[in-house]
Structure formats: structure tokens, C-alpha cells
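*Asks:* I would like the atomic coordinates for the input below:
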Amino acid sequence: MDLAIKSNPTKFDATVELHINLNVDPKQADQNVRGTVVLPAGTGNVVRVAVFDDAKVANADISGVEAITKALDKGELNFDILIATPAQMAKLGKYARVLGPKGLMPNPKSGTVTTDVAKAVKEAKAGRVEYRVDSTGIVHVGVGKVSFGKAKLLENVQAIIASIKGNKPASVKSGYIKVAHVTTSMGPSITTSVE
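*Replies:* A predicted model of the protein is given here:
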């Protein structure tokens, strides 16, 4: 972490990224590693949360079925995370082509389709991140900002690694994590040990 912070070439508060190469074959359904984790120190990003439900939810930036559908009809995506209740998902179906490619379509696996909307909003604002293995077997995830310092970044990295280890597919016997790299936005990649 020290080396990543010291080698940051940017003048802005860069994001620190973690790239973990896993010994999985993402083409196999049982080896498609995916999960969410609430980072202990947060992400350092301001997140705009929309709630697709008529109930008022504390801390939600936008809420209400009618308000969100009007915005979507105009092509306005003025939120970063969309949370919905299972009962409202049918109404979002016609917007799947807009929301899906941008990663905004609510999904039970990512915790954005839930009956406990207040908890989902609180987690999203607190720094919940979603990770997913890509087609080459690598998980890419932002773990915070350079300004966090070593201790907070290390807390976030440990939380992500614990979550990834907890989602280890049963069919992978050994050598689950091959190698991990830490880098900052536009900075050099630093190979690190995970074990």
C-alpha cells in the first residue's frame, strides 16, 4: 500500500484499485465468482441512490416509482445505484435495455432487489461494492482513495479478499488466488502477496 500511495503520479485524489487473478474458469457456471462487500472505510465516492418504490426511504436521493419512470422515459440516469422491491421489478422490465448495459438494473445477487430497502440504501451509502470475475478470471475492484492512507486501504483490501475467499467455488481445490496487483488510477501496477 505504501508503494502504491508513493508512486501515485496524479495531482487528484486517485482511486486505489485491486486486481486479483483467480484460478477459475468463468465459462463454468459454478466458477463465476461474484459478490458484494461493504468496505469498512467506504469508497471515497459520493453515491446517488434511487429507490424504485413509493415508500419514503431515509438517505435516498431519489424515490418513487413515478418520479423514476418519468426520468427514465426522458433518458435521465441521475443516480449511481437503483434499488427496488421485488413487487416493483415488473415495472422496470421495459427499461432493462437502458439500465442493463450501464450496470444499473437491480439484481438480487447484488443486493439491489430487496424487501429491506432502508438497509440496502444504508449499505450503498456506506461503501458497498460489487465485484465479479471477468472473462479472463480476474476481479477488478476499487478499494478507496489515495487520501485514505495505508491503514484504511488495508482494511478495505482485507474485507474484499475475505469476501472473495468466502465465495471460493467448491470445484476449485487449490491455488484459488494466483496473484494480486495494487495500483492507483494511472499509476504503476504493484504485485503483492495475498496469503
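*Asks:* helices and strands of this protein: which one bottoms out on pLDDT?
*Replies:* strand 190-192 (a mean of 75; mean pLDDT, DSSP states H and E).
*Asks:* continuing past the helix or strand where residue 125 lies, what's the next helix or strand?
*Replies:* Residue 125 is located in helix 117-126, with elements delineated by DSSP states H and E. The helix or strand immediately downstream of helix 117-126 is strand 128-132, counting by DSSP H and E.
*Asks:* pull the longest helix from this structure.
*Replies:* Criterion DSSP state H: the longest helix present in the chain is helix 150-166.
*Asks:* give me the helices and strands touching the helix or strand following that one, please.
*Replies:* Sequence order places strand 177-184 as the next helix or strand after helix 150-166, per DSSP H and E. With contacts taken as 3 or more Cβ pairs under 8 Å, 6 or more residues apart in numbering; DSSP states H and E, strand 177-184 sits against helix 2-6, strand 15-22, helix 150-166, strand 190-192. C-beta coordinates here come from the backbone N, C-alpha and C atoms, glycine included.
*Asks:* just how off-centre is strand 177-184 within its chain?
*Replies:* The chain centroid and the centroid of strand 177-184 are separated by 17 Å, computed with Cα atoms, centre = their mean, to the nearest Å.
*Asks:* name the strands paired with that strand and say parallel or antiparallel.
*Replies:* If you go by DSSP bridges, strand 177-184 pairs up with strand 15-22 (antiparallel), strand 190-192 (antiparallel).
*Asks:* out of the ones you listed, which one sits most buried?
*Replies:* Across the strands paired with strand 177-184, averaging neighbours per residue (mean count of other Cβ atoms under 10 Å) puts strand 15-22 on top, at a mean of 21.
*Asks:* please compute how far it lies from its chain's middle.
*Replies:* On Cα atoms, centre = their mean, the centre of strand 15-22 falls 12 Å from the chain's centre.
*Asks:* likewise for stretch 89-96?
*Replies:* On Cα atoms, centre = their mean, the centre of stretch 89-96 falls 22 Å from the chain's centre.
*Asks:* let's have the chain start at 47 instead
*Replies:* In the new numbering, first residue 47, that becomes stretch 135-142.
*Asks:* need the pLDDT of residue 125.
*Replies:* Note on residue 125: pLDDT of 89.
*Asks:* could you check how far it is from residue 62?
*Replies:* 25 Å (Cβ to Cβ, to the nearest Å).
*Asks:* equivalent analysis for residue 175, please.
*Replies:* For residue 175 relative to residue 62 (Cβ to Cβ), the value is 12 Å.
*Asks:* identify the contacts common to these two.
*Replies:* Counting by Cβ atoms under 8 Å, 6 or more residues apart in numbering, the residues touching both residue 175 and residue 62 are residue 188.
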